[in-house]
Structure formats: structure tokens, C-alpha cells
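In: coords please:
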Amino acid sequence: MEEVCLNSQPVFGESGEFGVAGNSSIVEQDLKSPNIQSKKNPLPPTVGLEFDSFDEAYNFYNMYAKEQGFGIRVSNSWFRSKRKERYRAKLSCSSAGFKKKSEANNPRPETRTGCPAMIVIKMLDSNTWRIVEVELQHNHQVSPQIKRFYKSHKKMIIAAKKAELPLEPITEIHTIKLYRTAIMDAADIGYSNCEQRQDINFDKPKYLELKEGDANAIYNYFCRMKLTNPNFFYLYDIDDDGHLRNVFWGDSRSRIAFGYFNDSIMIDTSCLANKYEIPLLSFVGVNHHGQFVLLGCAFLGHESVDNFVWTFKAWLKCMLGRPPCVVITDQCKPLQTAVAQVFPHAQHCYSLQYIMHRVLEKLGGLKGYEAIKRELNRAVYESLKIAEFETSWAGMMKRHGLWDNKWLQTLFEDRRMWVPVYLKDTFFAGMMPTQENEALTAFFDGYVHKHTSFKEFVDKYDLAIHRKHLKEAMADLESRKSNFKLNTRCNFEVQLSQVYTKQIFRKFQSEVEGMYSCFNTRQVNVNGSIITYIVKERVEVGGNEKEVKSFEVLYETTKLDIRCICSLFNYKGYLCRHALNVLNYNGVEEIPSRYILQRWRRDFKQGFIQDHVSDDTDTSSRVYWHIHLFKDALRILEEGAQSQEHYMIALQELEKLLNNLDLVENGSL
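Out: The predicted structure follows:
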């Protein structure tokens with residue numbers, strides 16, 4: 001494996017079409033629907049339905065479309081380059097997209113509406129085809145009563161006539177052989193698609209598949225960044241044949257941001273798991289406003305342990321050798337192996353959000369799905385003790401007969417890596433959802449979609465970064481104001497209104513307000529200086545319903561240590577309403593300093609000491625100079641923006657400094 005720093009000319013290889021396949025172990029479960037389905041009662045397409053062939057899947061959707069009153073067409077197909085074998089296809093409503101403008105004198109009127117209705121099907125290892133995406137909604141009127149003849153319906157009738165028996169004329173196909181759903185495939189054993197492609201013997205290239213112009217776009221962007229920002233870091237991974245396997249890069253802001261916020265990071269591989277055109281991997285952290293910050297990016301040619309290891313090592317080199325404390329990833333064995341190799345001392349956790357987003361895909365075809373989902377959410381999000389979670393899980397498995405479900409089996413085996421109740425001693429800086437309706441937005445959400453090309457991403461990357469930096473700068477300005485609106489007379493609220501950034505203060509403020517929904521704070525046990533309290537709270541469950549829950553709080557009276565069973569402090573970084581109640585009950589008027597994290601302070605960056613440089617870092621290097629100067633320059637920036645007078649002084653002094661540097665450069669000083 002050759003590692004190339006992009007200060008030199010890269011080498012790119014030609015690549016074929018992208019091929020995806022997996023060595024699937026399929027567990028089938030028949031639906032209760034009959035194997036022969038009447039044309040008057042067509043089964044709607046759902047994720048998980050399987051077919052014996054592509055034509056069978058096409059005919060199924062075509063029959064459904066005819067009964068609903070619309071036509072279909074194959075809007076996109078993916079082929080393996082060497083076999084010319086179709087392995088994935090998108091079947092869309094005939095009104096999808098728009099036709100190119102015609103230069104004819106009397107062009108035909110536009111009939112397409114850009115309709116989003118479609119299904120996506122893919123071929124499995126068993127040569128069966130499965131529906132993997134479904135969109136049923138149209139943006140135009142659809143009705144069986146609308147008598148319109150579509151080309152796809154004509155094809156169906158022609159096919160039926162070719163297969164008709166003598167003296168038994170057939171005008172339409174009346175049955176479709178189908179109606180089984182695989183509840184699980186290789187991904188269903190609990191890992192994303194990267195595992196099922198780990199040891200594949202198909203002709204899938206192990207390098208980046210770049211289209212015409214992609215290589216130049218990437219290289220030119222990196223060269224431009226290197227010229228304007230010497231602290232820009234990027235690496236190529238090239239194989240023995242000159243093919244580009246992986247690319248990693250991190251800009252100066254990412255490197256500096258990690259110096260501040262290196263406690264917990266998330267490695268976002270959603271583009272890989274969802275088979276986006278760009279195999280993007282992102283390193284993401286959380287800043288002092290609770291906003292996501294980018295800590296580096298990579299393009300992966302193939303989802304394997306070796307490629308993940310190379311990428312993680314490149315990122316570690318970019319960050320001057322300092323590893324994170326907590327690493328959050330998708331549930332994927334190659335990722336797990338690579339994290340263990342490169343970050344052996346970091347705590348590796350699986351993303352709860354990634355896992356819960358798969359519930360519909362993995363369990364949507366089961367009888368009683370809605371009840372299963374409710375019970376699963378309750379067990380995951382509402383369990384306060386390990387025994388409570390395991391009892392709820394066992395009850396759900398028993399009531400719904402889920403003991404043979406491999407995906408759920410693997411989730412339970414890995415429960416200590418993703419279920420909140422097992423991770424109460426881990427600090428997540430807000431990257432662990434604690435409620436069912438709490439969602440984390442991906443860093444590039446709105447800038448990247450399934451068919452974003454390499455060239456398009458390079459163009460959008462700068463725009464995304466610029467907007468994120470602008471958002472952080474605006475949050476910095478808002479947080480400098482000390483006159484945050486107070487909603488209570490609680491001393492805790494007054495105390496932290498002078499300390500926290502605006503966004504974090506608002507979150508803490510909701511906990512202060514939540515103190516008034518707590519009641520009956522009482523002492524239940526004394527063990528030396530440690531007192532155990534029970535705090536009751538009315539909490540919402542299942543919509544508008546409320547129930548009373550009891551929260552156990554431990555309070556150490558000599559050191560003023562406090563810990564609540566809900567563990568909000570470790571999940572989010574500020575004390576919960578239950579702990580605040582106990583402090584208030586004991587006459588404590590100010591929150592102990594150990595529970596006011598520096599990373600949430602509005603002045604965190606100004607007072608931050610860059611002590612993260614490893615022992616073997618070359619202090620005479622340009623990277624070290626850049627980071628050290630940035631720290632000091634940031635203080636000037638913060639103070640200079642306080643007022644018009646401060647701004648003018650800072651601007652004049654900076655101009656003098658730049659003039660002196662020019663004199664040094666010209667040898668005049």
C-alpha cells in the first residue's frame with residue numbers, strides 16, 4: 001500500500017462500473033398473503049418484497065401501477081462492467097423527471113411532472129430481487145377511473161398474448177408469482193452493508209471509481225487549498241497498479257477544532273451504507289455551541305478493514321497523533337476491527353440513531369410492527385436500569401415471537417455498545433440521543449444526495465463549510481451577550497447564564513424549568529456521607545399520556561458530588577432537573593464547578609491552552625506554528641469584535657504587524 005502526500009502529482013487509474021453484491025445468508029418468512037394475487041387487489045410495494053427475476057419485479061410494479069392509474073418506466077439501471085449484468089434498478093412513474101427542451105417548431109406538450117413515485121430493486125446473491133426503497137406518493141392526480149393507456153401496460157398485454165394457450169385468449173396478466181419477504185439478509189445480522197461486501201469474490205474494483213473530470217476536480221481543489229492554506233492536509237492511497245484507492249483530507253479549521261473538541265467524535269459512514277455515488281466518510285465533532293464541526297473527510301474505494309485502517313491512520317496523522325476519547329460509528333464489523341487497531345484506548349460505541357433508523361427496514365414486514373416498535377423504543381429510551389432494559393427486551397421478544405430474528409439477536413449481543421443504559425459512564429457531548437424524537441442532523445445534510453458526483457461535491461464542500469463557519473461565528477456573537485432572558489428565579493439559572501454559550505444555556509434552562517415538574521424529593525438511604533434520594537417526575541409517554549417515574553439520585557455531602565440515574569450529565573454535559581432538585585433540597589445555591597464543563601463556556605476558546613501536541617511533534621514545523629499562532633490570534637479576534645473602538649485598535653495593530661512581516665520577507669528589517 002503506497003501512501004502519497006498530495007504535495008506531489010497523484011496517479012489515477014481507470015475504473016469500471018461500480019458493482020455491489022454480497023454473500024448473503026437469507027432467512028425467509030412467507031407473508032400471509034396468498035401466492036396468487038388477484039389483479040383487483042394488488043399488493044402495494046413495500047421494502048423487503050422479493051422476486052425471482054427482474055422481469056417479475058417489473059411486472060409486479062406494473063400491475064400495481066395499472067390498478068392505481070399510472071404508467072411506469074425503468075428510469076435508471078446499474079450494471080457490473082465486466083459482466084454487463086444488471087444488479088440494481090429504479091422503476092419510476094412515467095411522469096418522473098422532465099424531457100429535454102425540443103428545438104422543433106411544434107414540440108409535443110410536456111407531460112412529465114417530476115413525479116417522485118418509484119421503487120428501487122436490487123439483486124441479491126441468490127439471484128433474487130428485492131425492493132429496497134419505496135415512494136408511493138405522486139405529485140399529480142392518479143386514479144383507476146382515469147382511462148389512459150400507458151406504454152408499460154401495453155408491454156404487459158403483449159407479453160401475455162405471447163404466452164397464451166390456443167383457444168384460451170388472454171388479454172391481461174392476472175397473477176404474479178411473488179409474495180415472500182426476506183426479513184433479514186446479510187446486513188440483518190446487525191451490520192451495515194460494509195460487512196456483507198467484506199470478503200466478496202465478485203469483480204468489484206477495490207479502488208475509487210472516478211468518472212471523467214473527477215480526478216482533476218479533486219486534485220485541483222487540493223492544490224488550490226494547499227496554496228492558500230499551508231496547514232491543509234491531504235493524503236492519497238495508491239495501489240501497485242497506480243489506481244487511487246482512498247483519499248483523505250482535513251483543512252486547518254478541522255485540525256484546530258479537534259484541538260478544542262477531542263473528547264467524542266462520530267465517524268459518519270451513512271453515504272457508504274446507503275450506496276451514495278460518492279463513497280464519503282466524515283469525521284465529526286461537537287463544538288461549544290452544540291453544533292457539529294467537521295474534523296476531516298475521506299473517499300473510500302472499498303469498505304474493508306484495510307481501507308478503514310488506512311483512513312483512520314491518515315486522520316490520526318492529520319491530528320498530530322492525538323486520538324479521541326470516544327469513537328461513535330455505525331454497527332459494522334470492519335469498522336469495529338479498524339477502530340480497535342487504530343484507536344485501541346478509545347471507547348468505541350455504535351450510533352443509536354443509525355440503529356434505530358433501521359427498525360422499519362429490518363422489522364417493517366413483521367406482523368404487529370407498530371407494537372414492536374413502541375416496545376423497542378420504550379426499552380431503549382426509557383430504561384433506567386440494566387435489569388429494566390433486559391426484562392423489557394425479553395418481554396418484547398416473547399410476546400411477538402422474535403427469538404429467531406437474527407438482527408435483534410445481534411443487537412442484543414452488542415447492547416453494551418449502543419443502548420444508553422449501558423453507557424452511563426461515557427461522555428458523548430450531546431451525540432447520544434436520549435429521547436425517541438431526538439434526531440441528529442448529518443454535517444452535509446442538504447448538500448449531498450444519492451447521486452451527487454465527485455465534481456459536484458467538491459463544489460458544494462466549500463459552500464457547506466462556509467455556512468457552518470458562519471453559523472458558528474454568529475453563535476459566538478450571540479453568546480457574548482450576558483443578558484439572556486431568565487425564565488425562573490432559580491440561582492442555578494442566573495449562575496450559568498453568565499457562563500454557558502447561548503445554545504447550551506437554553507438546553508440547561510429547560511432542565512431548570514423542568515425542576516417544577518419534579519416533586520416528592522425524599523431521602524431513602526444514608527451510607528456515611530453518601531445520601532440516596534428519590535425524585536419523582538411526571539413524564540410524557542406515548543404521545544400526550546403522562547406517568548410518574550422515580551429517579552434515584554446519589555449525593556455526597558462533603559465533596560458535593562452528585563449523580564442521577566438518568567445520567568444526563570454524561571450524555572449531554574450539564575446537570576439534569578433531578579440532580580438540581582436534590583442540590584436545591586440541600587440548600588446548595590450554586591452548581592459545583594466540576595459540573596460546569598469548560599467545553600460549553602462562551603470563553604472556552606480564548607482561555608484554551610493548546611496542550612494537545614504529542615511528545616514527538618516537531619515544534620519547528622509549520623503545522624505547529626500555525627496552530628500556536630491561531631490560538632493567540634483568536635484572542636485578538638474575540639476582543640476586537642467587542643466594540644467599534646476595540647475593532648479599530650485591533651485592525652490598526654494587525655496592519656502594522658503585516659507591514660513588519662512584509663519588511664522581513666523583503667529583507668528590509
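
In: Which residue ranges of the stretch 101-250 of the chain form strands?
Out: Per DSSP state E, counting those that start in this stretch, the stretch 101-250 of the chain carries strands over the ranges 118-123, 129-135, 180-184, 233-238, 244-250.

In: Take those strands and write them to a markdown table, including mean neighbour count, distance to Cys297 and mean pLDDT.
Out: Any C-beta I mention is one placed from the backbone N, CA and C, and that applies to glycine too. Shown next, in a markdown table, are the strands of the stretch 101-250 of the chain (neighbours: other C-beta atoms under 10 Å; distance: least, C-beta to C-beta, whole Å; pLDDT from 0 to 100):
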| stretch | mean neighbour count | distance to Cys297 | mean pLDDT |
| --- | --- | --- | --- |
| strand 118-123 | 22 | 26 | 91 |
| strand 129-135 | 19 | 26 | 87 |
| strand 180-184 | 20 | 32 | 30 |
| strand 233-238 | 24 | 10 | 90 |
| strand 244-250 | 25 | 6 | 93 |
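
In: okay if I get the ones you listed as TSV plus distance to Asn405?
Out: Converted to TSV, the strands of the stretch 101-250 of the chain look like this (distance: least, C-beta to C-beta, whole Å):
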stretch	distance to Asn405
strand 118-123	22
strand 129-135	17
strand 180-184	7
strand 233-238	38
strand 244-250	35
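
In: So for Glu589, which of those sits nearest?
Out: Comparing those by their distance to Glu589 (C-beta to C-beta), the top pick is strand 244-250, with 44.6 Å.

In: Beyond the closest one, next helix or strand please.
Out: helix 252-260 (DSSP states H and E).

In: Taking strand 244-250 as reference, get the angle to that following helix.
Out: Interaxial angle, helix 252-260 versus strand 244-250 (axes from the mean of the first three to the mean of the last three C-alpha atoms, to 10 degrees): 70 degrees.

In: Please report the distance of Glu390 from Asn487.
Out: 39 Å (C-beta to C-beta, to the nearest Å).

In: neighbour count winner among the two?
Out: Glu390 (16 against 11; other C-beta atoms under 10 Å).

In: Outside of the host helix or strand of that one itself, list whatever touches it.
Out: Per DSSP H and E, Glu390 falls inside helix 386-399. Here helix 386-399 makes contact (C-beta atoms under 8 Å, 6 or more residues apart in numbering) with 372, 375-376, 378-380, 383, 402-403, 405, 408, 412, 415, 419, 421-422.

In: give me the low-pLDDT residue ranges for the stretch 151-300 of the chain?
Out: For the stretch 151-300 of the chain, the stretches with pLDDT under 70 are 154-205.

In: and with 90 instead?
Out: Within the stretch 151-300 of the chain, the segments meeting pLDDT under 90 span 151-232, 236, 238-244, 252-253, 256, 259, 273-275.

In: Same check on the stretch 551-669 of the chain?
Out: 603-669.

In: Could I get the full set of helices for it?
Out: 568-572, 577-585, 604-607, 622-640, 644-665 (DSSP state H, counting those that start in this stretch).

In: Next: the stretch 1-150 of the chain.
Out: 54-68.

In: Return the set of buried residues in the top helix by length along the chain.
Out: For the chain, the helix with the greatest residue count under DSSP state H is helix 454-479. Buried residues in helix 454-479, counted by 16 or more other C-beta atoms under 10 Å: 454-458, 461, 464-465, 468, 472, 475-476, 479.

In: Turn those residues into a markdown table, columns for pLDDT and distance to Asn527.
Out: Shown next, in a markdown table, are the buried residues of helix 454-479 (pLDDT from 0 to 100; distance: C-beta to C-beta, whole Å):
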| residue | pLDDT | distance to Asn527 |
| --- | --- | --- |
| Phe454 | 89 | 61 |
| Lys455 | 87 | 65 |
| Glu456 | 89 | 62 |
| Phe457 | 91 | 58 |
| Val458 | 87 | 61 |
| Tyr461 | 91 | 56 |
| Ala464 | 90 | 53 |
| Ile465 | 91 | 52 |
| Lys468 | 92 | 48 |
| Glu472 | 91 | 45 |
| Ala475 | 91 | 43 |
| Asp476 | 88 | 45 |
| Ser479 | 89 | 41 |
